[in-house]
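Asks: Using only what follows, build the 3D model:
(2 chains)
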Amino acid sequence: MSVVTQTPAENAVAKTARRDGTLMRVSRYVVVRLLTLFVTVVIGIYLTIMIANMGGYVDQIMKSEIRDRVTQSIIAMTSNQPMDSDTRQKLIQERIVAEEKRVGLDVPIAIRNFRYLSNALTLQLGRALNMTSDAGSKQVRLIILERLPATLLLMGISQLFLFFSSILLALTLSRRYGNFWDKAVVALSPTSAVPPWFYGIFMILIFAALLKVLPFGGMVDSPPPSNPFDYSLSLAKHLILPGLSLVLSSFFLSVYNYRTFFLIYSSEDYVEMAKAKGLPTRDVERHYILRPTLPNIITNFALLIITLWTGATITETVFLWPGLGRTLYQAVGLYDIPIIVGSTIIFAYLLALTVFLLDFIYVLVDPRVKIGSH
Amino acid sequence: MNTLKSSFQNILYYPSAVIGSLVVFLLVFTAVYAMIKIPYSEAINLWRGGEDVWYKNPKFAAPAWINLFSREKYSESFAVSTSDGTMEKVVDPGAENTATYTMNYAFDFGYDFYPQEMILYITSAFDEKQPFISLEWLTPDGRTIRIANFAIGQDFTYRFSQDEKLKTRLKTENVIPALFSLPNEVIPAKGEYQLLVTGTTFEANSDINVELVLHGQVYGLAGTDHARRDLVVPLLWGAPVALAFGLIASLGTAMLTMIISALGAWYGSWIDELIQRITEINLVLPFLSILIMIGTFYSRSIWTILGATIALSIFTGAIKGYRSIFVQLKESMYIEAARAYGASNFRIVFTYLIPRMIPLLIPGLVLSVPSFVFLEAGLAVLGLGDPVLPTWGKMIDDASRNGALYRGYYYWILEPTILLMFTGLGFAMLGFALDRIFNPRLRDV
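Replies: From the prediction side, this is the model:
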């Protein structure tokens, strides 16, 4: 018999070879992708540092501020000691030099920027210049960590609610599109052109100023209740208005987008086929409509996570919510570069990480996409 | 071009598009009207003007039309002057160069709330001997209250509520309510009040002029703010500023994005690669915090912010979308034909590739206007608004800084927010309809 067949052993060899090839391809892709993303993050952070330093303008402000502060404190300190003006002047100069050295103003900008960069990349975020955390620390890392839960709480609850409720509603609407509710959502979708802080102003006006049922802003009552149950109740009360404005401002557009998306997919031939086969609606929706839209839904979810980290600067400011966004705004007001750079770095890292993970998740949910192949 | 024209004719079939275009048209009309009615330099002067420009206006006054909706009437403001004839002035020459001036103003007061303040601005001309003035207040019930007697300088401002002597004489801390009510009552007495100013000069060629200003509770069409400014100015001027910012930003971003992605797709190789990398870097940069940094460290001028906004908005996800369409277009037959007859690269990109994208570009362009308009307002709310220009965002910022929501000055915050809301919704409605017209795939669903 001279039929050319592969022996099981040969078969196994071919399989390993294929697997090795896949492994090679994937690992090469991973390495290249990680490298490009790393370079991207480095350039992004360097640009941020450069903008934050704006040609040394910030240094001037910081220097004159140090001079003022040191002079004031020395004069106050030595006011009832006999001291001639020369010695005092010398003391002030010494202190200024020491203080400038402490905040790192004694090295040239270019070098300082690189020092900032290398510290930033290794997540040594340094010490804040003016701001402190509520616990009294000047560590940027601690300040950011302290404000993070507030942002995560607000953004997490509102964005997750928005995500799941809009998908569910969109699915319901796409089942019988053209009815009253569907038309209402389409008609209301332009309301999402208005940002959340804007709804926030209206919410404060209606519920806090006119009806006086909910607080104007902040995160808990003052003084904070000591009992955990009262505390969470007070937290929930303060969460309603900012959360509602965040949800309301993107709700209708989000429902409209998902609905249109589901409708486009549900008019595909294979869906018609599945319906003709007599599959239950549930199965059709799950396996024939939701499944192919999964990559897009996941992208939206990833973008959602990114907004969750960055928070909403203006909304937090309007509601006096003590989160990251408001901290960033305060830091800019106080020229506190380490905090600005610190939050930007964390943002850049998270974004790069999300982009990287997305590539892999795509492969898992969409068999048509193959990693590293062209 | 004809297809573009017929597409625009389709707008009439979409009610939301008609409403949207109407709003946009109204905005443009308001903007043009504002620029003609109050020229730029005058608007800036008015907006930056202090007490000397706005002394006639009350502080924190609601618009006058709220009286139409309220059962209890708020007092309106007015200003009358002898120099322009709105206040009566009779000169009676006496012996030895003296003269007696009788100036009086009678007005009906039919409101349920007291005015904020009454002020008399007196100007006089004399060489050495100061003129003398006495004031009397006639109430509807026939009482005559002596207010004050004093000698005046060249310019003299008499504030009724600040006069300590008058406070003692009326036995009250609050002069204005005492003047406007019956004895031992705490509600304003309605009827005709009269202020009688009698002046005496002691020289030839002397003169006295007075201006009576009553700061009521309401003022004008839009009310006033903490600096007594008439809010009509920022409300009118907010329209051209918002439109200019929104339109220039969205047009600039859309055009530049399109040209850059067309060039990248056409030339390919390293140009394309560079554009992709810049886009990725830009994705990592936090847009708002960079704008905040530029506003704080560098310049708060609206043009700087506009430039930075455009620069940061070019390399976003949109450039990838455009690129993929251009890459498809690049392979089509008519491009090949153009190449065959020897068209230059420049000609192909600008006369064959880009015009094909315009129908796709228009809805996106219109839809992005509100986000830029709100961005400008948002920056103003963060305190980074243009320091010179009167804008809607600046009004919201002023209002929230002065606690308008806590203290009940709702008109102050509602006027700009409602206008901004209309602007945003108008463009969004038009944009959504255009999207359906130009992207037929969406039309059935």
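Asks: how about the residues of the stretch 151-300 of chain A near chain B?
Replies: Residues of the stretch 151-300 of chain A lying close to chain B (CB under 8 Å from any CB of the partner chain) are A:177, A:187, A:189-195, A:197-198, A:201-202, A:204-205, A:208-209, A:216, A:260, A:263-264, A:267. Bear in mind the C-beta positions are built from the backbone N, C-alpha and C, glycine included.
Asks: Work out for me the element residue B:198 sits within.
Replies: strand B:191-201 (DSSP states H and E).
Asks: List the contacts of residue B:62.
Replies: B:74, B:217, B:218, B:219, B:223, B:409, B:411 (CB atoms under 8 Å, 6 or more residues apart in numbering or on different chains).
Asks: For it, list each beta-bridge partner.
Replies: residue B:218 (DSSP bridges).
Asks: Just the buried residues of the residues of the stretch 151-300 of chain A next to chain B.
Replies: Neighbour counting over those (16 or more other CB atoms under 10 Å in any protein chain shown) leaves A:177, A:189-195, A:197-198, A:201-202, A:204-205, A:208-209, A:216, A:260, A:263-264 as the buried ones.
Asks: how about the CA coordinates for the strand holding residue B:198, as CSV?
Replies: What follows is strand B:191-201 as a C-alpha-only set of coordinates in CSV (Å, rounded to 0.1, in the frame of the first residue of the first chain):
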residue,chain,number,x,y,z
GLY,B,191,-49.0,105.5,46.1
GLU,B,192,-47.2,108.6,44.8
TYR,B,193,-43.9,109.6,46.4
GLN,B,194,-42.1,112.8,45.8
LEU,B,195,-38.6,113.9,46.3
LEU,B,196,-38.1,117.6,46.6
VAL,B,197,-34.6,119.0,46.2
THR,B,198,-34.1,122.7,46.9
GLY,B,199,-30.8,124.1,46.2
THR,B,200,-29.4,127.6,46.7
THR,B,201,-26.3,129.0,44.9
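Asks: Next, the buried residues of that strand.
Replies: Residues of strand B:191-201 classed as buried: B:193, B:195, B:196, B:197, B:198, B:199, B:200, B:201 (neighbour count, 16+ other CB under 10 Å).
Asks: any residue of the strand or helix carrying residue A:21 up close to chain B?
Replies: Residue A:21 belongs to helix A:8-53 when assigned by DSSP H and E. Yes: residues of helix A:8-53 are located near chain B by CB under 8 Å from any CB, namely A:36, A:37, A:40, A:41, A:43, A:44, A:47, A:48, A:51, A:52.
Asks: What's the local residue count around the last one?
Replies: With neighbours defined by other CB atoms under 10 Å in any protein chain shown, the count for residue A:52 comes to 26.
Asks: Do I have it right that it meets residue A:335?
Replies: No: assessed by CB atoms under 8 Å, residue A:52 is found out of contact with residue A:335, at 9.2 Å.
Asks: Let me know the secondary structure of residue B:102.
Replies: With DSSP: H, G, I helix; E, B strand; the rest coil as the basis, residue B:102 sits in strand.
Asks: can you list the weak-confidence ranges in the chain?
Replies: Let's take chain A. A:1-19, A:54-58, A:307-311, A:366-374 (pLDDT under 70).
Asks: meant chain B actually
Replies: In chain B, residues with pLDDT under 70: B:1-4, B:440-445.
Asks: ok, which stretches of it are strands?
Replies: B:78-81, B:88-93, B:99-109, B:117-125, B:132-138, B:144-151, B:155-159, B:191-201, B:207-215 (DSSP state E).
Asks: out of these, deepest packed?
Replies: strand B:207-215 (a mean of 22; mean count of other CB atoms under 10 Å in any protein chain shown).
Asks: partners of that strand in the sheet?
Replies: Here, using DSSP bridges, strand B:207-215 pairs with strand B:78-81 (antiparallel), strand B:117-125 (antiparallel).
Asks: With distance to residue A:295 added, can I get those in a markdown table?
Replies: Below are the strands paired with strand B:207-215 laid out as a markdown table (distance: least, CB to CB, whole Å):
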| stretch | distance to residue A:295 |
| --- | --- |
| strand B:78-81 | 68 |
| strand B:117-125 | 67 |
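Asks: how about these, which one is nearest residue A:142?
Replies: Residue A:142 lies closest, by CB to CB, to one member of the strands paired with strand B:207-215: strand B:117-125, at 51.8 Å.
Asks: Return that closest one as CSV; C-alpha atoms alone will do.
Replies: C-alpha atoms of strand B:117-125 as CSV (Å, rounded to 0.1, in the frame of the first residue of the first chain):
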residue,chain,number,x,y,z
GLU,B,117,-31.3,101.8,47.7
MET,B,118,-31.9,105.4,46.7
ILE,B,119,-29.0,107.6,45.7
LEU,B,120,-28.8,111.2,44.7
TYR,B,121,-25.8,112.3,42.5
ILE,B,122,-25.4,116.0,42.7
THR,B,123,-23.1,118.0,40.5
SER,B,124,-22.6,121.7,40.8
ALA,B,125,-20.6,124.5,39.3
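Asks: Residue for residue, what is the longest helix chain B has?
Replies: Looking across chain B with DSSP state H, the single longest helix is helix B:232-267.
Asks: That one packs against which elements?
Replies: In terms of contacts (3 or more CB pairs under 8 Å, 6 or more residues apart in numbering or on different chains; DSSP states H and E), helix B:232-267 is packed against helix B:15-37, helix B:40-48, helix B:269-284, helix B:302-314, helix B:317-330, helix B:354-379, helix B:392-401, helix B:410-438.
Asks: In a markdown table: those helices, plus mean neighbour count and distance to residue A:279.
Replies: Listed next are the helices and strands packed on helix B:232-267 as a markdown table, based on neighbours: other CB atoms under 10 Å in any protein chain shown; distance: least, CB to CB, whole Å:
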| stretch | mean neighbour count | distance to residue A:279 |
| --- | --- | --- |
| helix B:15-37 | 16 | 37 |
| helix B:40-48 | 15 | 66 |
| helix B:269-284 | 16 | 40 |
| helix B:302-314 | 19 | 45 |
| helix B:317-330 | 16 | 34 |
| helix B:354-379 | 21 | 37 |
| helix B:392-401 | 23 | 54 |
| helix B:410-438 | 22 | 32 |
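Asks: Wait, a helix at residue A:199?
Replies: Yes: assessed with three-state DSSP, residue A:199 lies in a helix.
Asks: these two touch, right, it and residue A:245?
Replies: Yes: at 3.9 Å, residue A:199 and residue A:245 qualify as touching, with contact defined as CB under 8 Å.
Asks: that older thread, mind giving me TSV with the helices and strands packed on helix B:232-267 and columns for distance to chain A?
Replies: What follows is the helices and strands packed on helix B:232-267, written out as TSV (distance: least, CB to the nearest CB, whole Å):
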stretch	distance to chain A
helix B:15-37	7
helix B:40-48	22
helix B:269-284	4
helix B:302-314	9
helix B:317-330	10
helix B:354-379	4
helix B:392-401	7
helix B:410-438	3
